[in-house]
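> sharing a sequence plus its predicted fold:
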Amino acid sequence: QVQLVESGGGLVQPGGSLRLSCAASGSIFSINDMGWYRQAPGKQLELVAIITNGGSINIGDSVKGRFTISRDNAKNTVYLQMNSLKPEDTAVYYCYADVMTSLLSPKGDYWGKGTLVTVSS
């Protein structure tokens, strides 16, 4: 079993910054992709940013230039630094990880429970 636990969400004013963290734990053999998706009220799930274990990054167009993703492979943790936040960034942010639980097991998708980010004055 694999658990992803997010932290760092909250209320911030427009133009402010927040840093999200997500730590993976449990039966982990290896992690390939880790990253973040978000879902705003009434909208579909949207890719925010993904980083592979080799450091390759894919960032959503709506956050390019404002958000940065990084990870600490030794800690099985991924971070999302969010700068110049806008009201339209308000959403529940979900951590994602593509995990192998053993050498012989196929990769599986795991999700955190989500953390709410509210950008408002």
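Perfect, I can see it now. Residues are numbered from 1 along each chain as shown.
> could you say which helix or strand contains Thr68?
Secondary structure from DSSP states H and E places Thr68 in strand 67-72.
> thought Thr52 was touching Ser30?
No: between Thr52 and Ser30 there is no contact under Cβ atoms under 8 Å: 11.5 Å. Bear in mind the C-beta positions are built from the backbone N, C-alpha and C, glycine included.
> residues touching the residue nearest the centre of the chain, list them.
The chain has Trp36 as the residue nearest its centroid, 2.6 Å off, counting by Cα atoms, centre = their mean. By Cβ atoms under 8 Å, 6 or more residues apart in numbering, the contact set of Trp36 is Leu20, Cys22, Val48, Ala49, Ile50, Ile69, Val78, Leu80, Tyr93, Tyr94, Cys95, Tyr96.
> next: Lys43.
Lys43 neighbours (Cβ under 8 Å, 6+ apart): Ala91.
> how much space between it and Val92?
Between Lys43 and Val92 the computed distance is 11 Å (Cβ to Cβ, to the nearest Å).
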